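Peer 1: What follows is a predicted protein model with its sequence.
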Amino acid sequence: MKSKISISLVVALALLPLSICAQILDPVKWNFSSEQVTQSEANEAKTYLIQLSATIDNGWHIYAQEAGDGPIPTTISFEDNDQIKLIGPVEEKGNRIQEYDQVFDSELAFFENEVTFVQKVAVLKSTVLKGSIEFMVCDDEQ
């Protein structure tokens, strides 16, 4: 009897990583691009729009930069770079939804289906812009 319990336990433990991996969800797909918006003289900075576009699975939503009280708002940060100057704040382009949420007991702002975050920058010299995005995504259950 002990050997059957031991074998069952070993099989259950061996399958545990598979069930954990099956729980990982990725409802947001990101795409990054840039678009030059001004021509420049030889020694002047060029202006670009940096676009961070999120495609969100049906039934899910991502919170706005100013989401309201409770959820983690979307935060976009760029590493310091002497060759790049940020111009203004990151703008949101998409169908922003604002409604009361019972879970957070707060008026919340979020996006469904898609949203693009746009940062205008002046580039002094060819370089690499690095940054990070922190966001919270939810559906009706999680």
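Peer 2: Done, it's in.
Peer 1: What are the boundaries of the strands in the chain?
Peer 2: For the chain, the strands defined by DSSP state E cover 28-36, 46-56, 61-63, 75-78, 84-101, 106-123, 131-134, 137-138.
Peer 1: Okay, now the sheet partners of the first one, with direction.
Peer 2: Meaning strand 28-36. Here strand 28-36 has these sheet partners by DSSP bridges: strand 46-56 (antiparallel).
Peer 1: Check which residues of the strand it pairs with are buried.
Peer 2: Across strand 46-56, burial judged by 16 or more other CB atoms under 10 Å covers 46, 47, 48, 49, 50, 52, 53, 54, 56. Any C-beta I mention is one placed from the backbone N, CA and C, and that applies to glycine too.
Peer 1: show me what contacts the third one?
Peer 2: Pointing back at residue 48 there. Contact partners of residue 48, counting by CB atoms under 8 Å, 6 or more residues apart in numbering, are 34, 35, 36, 37, 120, 121, 123.
Peer 1: Try it again at 7 Å.
Peer 2: Contacts for residue 48 (CB atoms under 7 Å, 6 or more residues apart in numbering) come out as 34, 35, 36, 37, 121, 123.
Peer 1: what bridges to it?
Peer 2: Counting by DSSP bridges, residue 48 is bridged to residue 36, residue 121.
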